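Novice: task: produce atomic coordinates for the following.
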Amino acid sequence: NIPGRLWLRALKAVVLPLIITAMILAIQRLRDMAKQGGGAGLLARWTIGYYVVTTLLAVILSIIMTSRVWGPMMTTASAESLVVDEDDQETIEENQKYDVHDVIVQMFDSLVPDNIFAALAENSLLAVLIASIVVGYLVRGPDSPILRATREVERIITIIITFLINIAPIGVFFLILSNLFRLSIKDIGQNLGILIGGTLSSMAIHLFIVLPIIFFLVVRKNPYLYWIKNSPAWLTAWGSASSAATLPVTLKCARARGMPIIFKKN
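Specialist: Residues are numbered from 1 along each chain as shown. Predicted structure coming up:
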């Protein structure tokens, strides 16, 4: 599984820089929208609130469905299949010494690192995330050298990420190849089927029940009828899997529904 490990290491190497650049630029865009005032600032607040609420609802739904419905249906792998390397076993035994409250305290302590460069080297995600948000908020001016460098790094990382995603089937195949000879094919097939079914059903519940309820409570209109009227947008997104290709269709649907489209001229 050497090719799989190399693919995974390459993916891990670019994920953290991608998060850093994405967070810095996202905070800058939100600050720019808030500065415009009026509709732009209101739109930014509603967008953030909607994203946070729907994400929390999706997480809660997934936890409930996994723990109460899909988890009990899965089969437990045999003892031979769960054999781990010596290094992993040492890590497991070391982590078992910590209580739950100790883990929570350590998590909060990790939000502010003693050394940001050490956090980057050790892949401390929470610390890097908090630092990126702070930097994104404190950097001023659209022509800042830091922002220009961040945009260039983001472009480079996006190219690398796209390449790694394209070869993902090959990397994942080599990652699971060794386990295919050790695990029971029957158990793999059953658990994988339950995982896929649980994922699709949870997404369907969130898409067709949770989100329409939110739409109805806020807008007081039939969500399914409105969804059908905007079918060109989501059908284009579904078929093309491209936000760039879907954006013009989305704007057209928004204009047809009477929504004002405002573009900021540079």
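Novice: can we go C-alpha only for contacts and neighbour counts from here?
Specialist: OK.
Novice: please report how far residue 250 lies from residue 237.
Specialist: 9 Å (Cα to Cα, to the nearest Å).
Novice: and the next helix or strand past the strand or helix carrying residue 30?
Specialist: Assigned by DSSP states H and E, residue 30 belongs to helix 2-36. Of the helices and strands lying after helix 2-36 in sequence (DSSP H and E), the nearest is helix 38-65.
Novice: between that following helix and helix 2-36, how big is the angle?
Specialist: 140 degrees (axes from the mean of the first three to the mean of the last three Cα atoms, to 10 degrees).
Novice: what's helix 38-65 packed up against?
Specialist: helix 2-36, helix 185-205 (3 or more Cα pairs under 8 Å, 6 or more residues apart in numbering; DSSP states H and E).
Novice: the same query, at a cut-off of 10 Å, please.
Specialist: helix 2-36, helix 185-205, helix 211-219 (3 or more Cα pairs under 10 Å, 6 or more residues apart in numbering; DSSP states H and E).
Novice: hmm, back to that, identify the contacts common to residue 250 and residue 237.
Specialist: 231, 243 (Cα atoms under 10 Å, 6 or more residues apart in numbering).
Novice: sorry, back to before: distance between the helix holding residue 30 and the chain's centre?
Specialist: Helix 2-36 sits 11 Å away from the centroid of its parent chain (Cα atoms, centre = their mean, to the nearest Å).
Novice: just for the stretch 101-250 of the chain, where's the confidence low?
Specialist: Scanning the stretch 101-250 of the chain for pLDDT under 70 picks out the ranges 101, 103, 179-183, 244.
Novice: mind redoing it with 90?
Specialist: 101-148, 151, 154, 157-158, 160-196, 198-199, 218-219, 234-250 (pLDDT under 90).
Novice: the helices in it, which residues?
Specialist: Along the stretch 101-250 of the chain, the segments classed as helices by DSSP state H, counting those that start in this stretch run 116-121, 125-138, 145-166, 168-180, 185-205, 211-219, 223-229, 231-240, 243-256.
Novice: most tightly surrounded among these?
Specialist: With neighbours defined as mean count of other Cα atoms under 10 Å, these peak in mean count at helix 125-138, which reaches a mean of 18.
Novice: nearest to residue 59, out of the helices of the stretch 101-250 of the chain?
Specialist: Nearest of these to residue 59, taken as Cα to Cα: helix 185-205 at 10.2 Å.
Novice: report the angle between the axes of that closest one and helix 168-180?
Specialist: 140 degrees.
Novice: who touches helix 185-205?
Specialist: 58, 61-62, 64-66, 69-71, 73-78, 179-180, 184, 206-211.
Novice: do the same with stretch 116-132
Specialist: 12-13, 15-17, 19-25, 27, 107-115, 134-138.
Novice: ends of that stretch, how far apart?
Specialist: Using Cα to Cα, the two ends of stretch 116-132 sit 10 Å apart.
Novice: one more: stretch 224-234?
Specialist: End residues of stretch 224-234 are separated by 13 Å (Cα to Cα).
Novice: show me what contacts the residue nearest to residue 25 when sequence neighbours are not counted?
Specialist: Nearest residue to residue 25 in three dimensions, chain neighbours excluded: residue 136, at 6.6 Å (Cα to Cα, 6 or more residues apart in numbering). Neighbouring residues of residue 136 by Cα under 10 Å, 6+ apart: 20-29, 31, 130, 146-147.
Novice: for these, which one is nearest residue 254?
Specialist: residue 29 (21.6 Å).
Novice: now do stretch 4-23, average pLDDT.
Specialist: Stretch 4-23 carries an average pLDDT of 85.
Novice: now that stretch - C-alpha only, PDB.
Specialist: The C-alpha coordinates for stretch 4-23 follow below in PDB (Å, rounded to 0.1, in the frame of the first residue of the first chain):
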ATOM      1  CA  GLY A   4      -1.800   4.800  -1.000                       C
ATOM      2  CA  ARG A   5       0.300   6.000   1.800                       C
ATOM      3  CA  LEU A   6       2.100   8.500  -0.500                       C
ATOM      4  CA  TRP A   7      -1.200   9.800  -1.800                       C
ATOM      5  CA  LEU A   8      -2.500  10.200   1.800                       C
ATOM      6  CA  ARG A   9       0.700  12.000   2.900                       C
ATOM      7  CA  ALA A  10       0.500  14.400  -0.100                       C
ATOM      8  CA  LEU A  11      -3.200  15.100   0.700                       C
ATOM      9  CA  LYS A  12      -2.400  15.800   4.300                       C
ATOM     10  CA  ALA A  13       0.500  18.100   3.300                       C
ATOM     11  CA  VAL A  14      -1.800  20.500   1.400                       C
ATOM     12  CA  VAL A  15      -5.000  20.400   3.500                       C
ATOM     13  CA  LEU A  16      -3.600  22.600   6.300                       C
ATOM     14  CA  PRO A  17      -2.300  25.300   4.000                       C
ATOM     15  CA  LEU A  18      -5.700  25.200   2.200                       C
ATOM     16  CA  ILE A  19      -7.500  25.700   5.400                       C
ATOM     17  CA  ILE A  20      -5.300  28.600   6.400                       C
ATOM     18  CA  THR A  21      -5.700  30.500   3.100                       C
ATOM     19  CA  ALA A  22      -9.400  29.700   2.900                       C
ATOM     20  CA  MET A  23     -10.100  31.100   6.400                       C
END
